[in-house]
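J.: model this:
(one chain, ligands or ions: 3)
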Amino acid sequence: MLQKLSSFAGVQGPVVVIVMDGYGLPKSDAGSAIAAARKPTLDRLFASYPNIRLRAHGTAVGMPSDDDMGNSEVGHNAIGAGQVYSQGAALVANAIASGAIWQGAAWQEIVAGAKSGRGVVHFIGLFSDGNVHSHIDHLKAMVVQAKAEGVKTVRIHALLDGRDVPETSALDYVVPFEAFLGEVSDAGFDARIASGGGRQYITMDRYDANWAMVDKGWKVHVLGEGPQFPNATAAVNGLREQNPGTIDQDLPEFVIGENGKAIGTIEDGDSVVFFNFRGDRAIEITRAFEEAAFNKFDRVRQPRVTYAGMLQYDGDLKLPARFLVAPPAIKDTTGEWFAKSGIAQFACSETQKFGHVTYFWNGNRSGKFDGETWQEIPSDVVPFEQRPWMKAAEIADAMIAALQSGQYRTLRCNFANGDMVGHTGNFFAATLAVEAVDLSLARVLQAVDAAGGAALITADHGNADEMYELDKKTKQPAQNSDGSFKAKTAHTLNPVPLILYDNVSGGKLGLKQTATAGLSNIAATVANLLGLEKHAAWDESVLDIK
Ligand SMILES: O=C(O)[C@@H](CO)OP(=O)(O)O
Ligand SMILES: [Mn+2]
Ligand SMILES: [Mn+2]
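T.: Ligands and ions are numbered 1, 2, ... in the order given. Below is the predicted model:
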C-alpha cells in the first residue's frame, strides 16, 4: 500500500491523466500544426492553469543519447512506471558493444539452428537508424558475426521506414547496405536483401488493428510471393516510379528474384531473427512464426524455424520464447501500486494507441492489475490524413461515461491524433487533428469538473509540432528543389507540456518547474493528487502543495 500524504488529503473526485500523443512544444511556430490549429481549450489551459515543460526525449526517457527523439514506448513506460530505465535501443547497443549478445543462448541457437539446416539466417525488421523500433547498426553487427560463426547464407527482409527518419530516405540505407553486403559476401558467404516493403504497408501492424498487413508481409518474406526486382535498390526505384508521391512507409511489397525465383523464402531448418527491439509492432509477426494454432490469416505453410526476437516483446505472454537481449525489467509501476492500494483505474484509447495506455503503461505487460478496467475504441483502418479526427470524440464519450459512473479513482486516456496524423506529413490534416483533440478535451474536462476531479494534461513526445524539416541555418521550413516544403513525418526532440487542470483545490495546488523535470515525474504527481506518497522507486512529484 502507498502511504497517505500528511500535507494533503487528495483531490476528492477522480484524478485524470490525458496524453495528447505527439504534442510537443516547439522552439518556433514555423511549421507547427499545433501553432496553426484553432484550439481555444488548450489556449485557455496554458493561459490560466499551472503548466510546466517536461523532457520527453533522449536520456530523460532511457534512450542512448540526447540526440534520440522520444517515442510512445519509452514515453508511456516512463509515465506509467515513474522511472527511467535503459530502454531496448540502449540495451541492445550495449550487448553488441560488449559482445554479451553473442554469448547468449538465443544467438547461439540461431547460429546452431541454421547450421543444422541449410545454413540460412533471415533477419526481418525496420531498416533505418531511427532507433525507435530498431537500428541498422545492430543488423550490420549480426551479419558480420553470422559470417564469422560459419553461417553460409543471410537473407534480409527490409521494412522501409520513412516514419522515424526522413520520409523518402530509403535509398540512403538500402544503397550503402547492399554495397556492404556485396563486400562481406564471398565464395562461402552469400548475404542479400531478399524482400521488403513499407512498414505501414506490410508486417509491422500493431494491436490487432490490421492483420492483412502481416499477411502481406508473410507472403513476401516467407513464401516469396510478390512483384520481383533484381535487388532492393531497383525495387525502391521501381516502386517509386509505379507509385508516384508514395512515401517510404507506404510503399508496397517487393521480392528479390533470380531467374524468376525468389532468393529468400523461409524454409524448414532456417533461423529467423526479428531484429526490432520494440514490441508493439513486433508481436503479430512473432505470433505468426510461433503459434501452432493460428487463425489470423492463412499462412499456407508454417516453416519449422529457430525464431528469436531482438528483445522479449511481452513479459506476460512470454513472447517470443527466444530473445537475444533481455528487456528492461520494469517494476513497481503505478498500475501495480495503485492496484495494491485499492484504487480503481480506468484506461482508454483507440486501437492504434490502446496498448500504449495499457501494455506500455504497465511496463510492457499485457495483463491487467486488480481493479483496472480497459476500454478500446476500434480505430479506422484508413490513411489517417483522411480522418484526422480519428476516434477522439468516441474516446471522450468513453471517458465521460467512466467519469459519470463514479467507479474510478483515477482514469487515463490517449488521444492519438497529433501523432498518427503528424506521421502522415500532411500539415493541414495535422492542424485538424489538433483541433479534434482540443474539442474532445473540452468535453472531458467538463465531466472532470462535474465529478469534482482534477486532470493532468500532457504528451509522450512531439510530432505535430514540427511538420516540416527545418533548415539548420535559417530555422525556417526547408524546401525541395521544386519549392515545396520538405515534410517531416518523425517525432521531435521538443519538450511536452504538463498542465494541471484543477478547479477544486482553491489555488492550493501548483506545478514546480525543475531543470530536469521529465515524463517520469508524472507518476508521483498523480499519487500526490490522490493524496498518496509516491513509491520509493518513482521519480519526484512536481506537485506544489501550498
Ligand atoms: O508508429 C510508430 O510505431 C512510432 C514511430 O515509429 O510512433 P509511436 O512511438 O508514437 O507509437
Ligand atoms: Mn506516441
Ligand atoms: Mn508516433
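J.: got a list of what residue 276 touches?
T.: Taking C-beta atoms under 8 Å, 6 or more residues apart in numbering, we find residue 276 in contact with 125, 126, 133, 134, 204, 282, 309, 310. Every C-beta, even on glycine, is put in place using the N, C-alpha and C of the backbone.
J.: filter those down to the ones near ligand 1?
T.: residue 133 (C-beta under 6 Å from any ligand atom).
J.: by neighbours, which of the contacts of residue 276 wins?
T.: Within these, residue 310 tops the neighbour count with 32 neighbours, counted by other C-beta atoms under 10 Å.
J.: check which helix or strand that one maps to.
T.: Under the criterion of DSSP states H and E, residue 310 resides in strand 306-311.
J.: other SSEs contacting that strand?
T.: On a contact count with 3 or more C-beta pairs under 8 Å, 6 or more residues apart in numbering; DSSP states H and E, strand 306-311 meets helix 88-98, helix 105-116, strand 271-274, helix 283-290, strand 323-325.
J.: just the CA atoms of that strand, as PDB, please.
T.: Output in PDB follows, covering the C-alpha atoms of strand 306-311 (Å, rounded to 0.1, in the frame of the first residue of the first chain):
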ATOM      1  CA  THR A 306      14.600 -21.300 -35.000                       C
ATOM      2  CA  TYR A 307      13.000 -18.000 -34.200                       C
ATOM      3  CA  ALA A 308      14.200 -15.200 -32.000                       C
ATOM      4  CA  GLY A 309      13.200 -11.600 -31.300                       C
ATOM      5  CA  MET A 310      15.800  -9.000 -30.600                       C
ATOM      6  CA  LEU A 311      14.000  -8.500 -27.200                       C
END
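J.: ok, now how distant is residue 462 from residue 488?
T.: Distance from residue 462 to residue 488, counting by C-beta to C-beta, to the nearest Å: 11 Å.
J.: please apply the same query to residue 446.
T.: On the measure of C-beta to C-beta, residue 446 and residue 488 end up 34 Å apart.
J.: the residue of the stretch 401-546 of the chain found nearest ligand 1: what's its closest spatial neighbour, skipping adjacent residues?
T.: At 4.6 Å from ligand 1, residue 419 is the closest residue in the stretch 401-546 of the chain, using C-beta to the nearest ligand atom. Among residues not flanking residue 419 along the chain, residue 22 sits closest, at 2.8 Å (C-beta to C-beta, 6 or more residues apart in numbering).
J.: sorry, back to before: adding distance to ligand 2, write the contacts of residue 276 out as CSV.
T.: Formatted as CSV, the contacts of residue 276 follow (distance: C-beta to the ion, whole Å):
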residue, distance to ligand 2
125, 20
126, 16
133, 13
134, 17
204, 15
282, 17
309, 21
310, 20
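J.: same list, the contacts of residue 276, but as CSV with pLDDT please.
T.: Shown next, in CSV, are these (pLDDT from 0 to 100):
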residue, pLDDT
125, 99
126, 99
133, 98
134, 98
204, 98
282, 98
309, 98
310, 98
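J.: can you redo the contacts of residue 276 as a markdown table with distance to residue 433?
T.: A markdown table is the format used below for the contacts of residue 276 (distance: C-beta to C-beta, whole Å):
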| residue | distance to residue 433 |
| --- | --- |
| 125 | 29 |
| 126 | 24 |
| 133 | 22 |
| 134 | 26 |
| 204 | 22 |
| 282 | 26 |
| 309 | 32 |
| 310 | 32 |
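J.: just the contacts of residue 276 now: which is nearest ligand 1?
T.: For the contacts of residue 276, the residue nearest ligand 1 by C-beta to the nearest ligand atom is residue 133; the value is 5.8 Å.
J.: residue of this protein closest to ligand 2, please.
T.: When scored by C-beta to the ion, the chain has residue 72 as its residue closest to ligand 2, at 3.1 Å.
J.: so the lengthiest helix in the chain, near ligand 2 or not?
T.: Counting by DSSP state H, the longest helix found in the chain is helix 427-450. No. Between helix 427-450 and ligand 2, judged by C-beta under 5 Å from the ion, nothing touches; the nearest distance is 12.9 Å.
J.: hmm, whichever helix or strand comes after that helix touching ligand 2?
T.: Counting by DSSP H and E, the next helix or strand C-terminal to helix 427-450 is strand 454-458. No. With C-beta under 5 Å from the ion as the criterion, ligand 2 is not reached by strand 454-458; the gap is at least 11.5 Å.
J.: how long is stretch 236-250 end to end?
T.: Distance between the two ends of stretch 236-250: 12 Å, counting by C-alpha to C-alpha, to the nearest Å.
J.: which residue is most remote from the mean position of the chain?
T.: Residue farthest from the centre of the chain, counting by C-alpha atoms, centre = their mean, is residue 187 at 40.2 Å.
J.: and the pLDDT at that one?
T.: We have a pLDDT of 97 for residue 187.
J.: now it. Its backbone dihedrals?
T.: The phi/psi pair for residue 187 (degrees, to the nearest 10) reads phi -60, psi -30.
J.: next one: residue 545
T.: The phi/psi pair for residue 545 (degrees, to the nearest 10) is phi -110, psi 110.
J.: quick check: closest non-adjacent residue to it.
T.: That would be residue 8: by C-beta to C-beta, 6+ apart, it lies 4.9 Å from residue 545.
J.: residues contacting the one you found?
T.: Residue 8 neighbours (C-beta under 8 Å, 6+ apart): 508, 509, 528, 531, 545.
J.: from residue 83, how far out is the third one?
T.: What it means is residue 528. The spacing between residue 528 and residue 83, counted by C-beta to C-beta, is 16 Å.
J.: the two: which has the busier surroundings?
T.: residue 528 (24 against 20).
J.: which neighbouring elements make contact with the helix or strand where that one lies?
T.: Assigning secondary structure by DSSP H and E places residue 528 in helix 522-529. Applying 3+ C-beta pairs under 8 Å, 6+ apart, we find helix 522-529 packed against strand 15-20, helix 72-81, helix 334-340, strand 454-458, strand 543-545.
J.: one more time with 7 Å, if that's ok
T.: Here helix 522-529 touches strand 15-20, helix 72-81, strand 454-458, strand 543-545, going by 3 or more C-beta pairs under 7 Å, 6 or more residues apart in numbering; DSSP states H and E.
J.: these into JSON lines, with extra columns for mean neighbour count?
T.: Below are the helices and strands packed on helix 522-529 laid out as JSON lines (neighbours: other C-beta atoms under 10 Å):
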{"stretch": "strand 15-20", "mean neighbour count": "27"}
{"stretch": "helix 72-81", "mean neighbour count": "29"}
{"stretch": "strand 454-458", "mean neighbour count": "25"}
{"stretch": "strand 543-545", "mean neighbour count": "17"}
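J.: dump these to JSON lines, plus mean pLDDT and distance to residue 119.
T.: As requested, those are exported to JSON lines (pLDDT from 0 to 100; distance: least, C-beta to C-beta, whole Å):
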{"stretch": "strand 15-20", "mean pLDDT": "99", "distance to residue 119": "47"}
{"stretch": "helix 72-81", "mean pLDDT": "98", "distance to residue 119": "34"}
{"stretch": "strand 454-458", "mean pLDDT": "99", "distance to residue 119": "51"}
{"stretch": "strand 543-545", "mean pLDDT": "98", "distance to residue 119": "59"}
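J.: and these: which comes nearest residue 333?
T.: helix 72-81 (4.6 Å; C-beta to C-beta).
J.: contacts for that closest one?
T.: 21, 56, 61-63, 84-85, 87, 278, 280, 330, 333-335, 356-357, 360-363, 460-461, 518-520, 522-523 (C-beta atoms under 7 Å, 6 or more residues apart in numbering).
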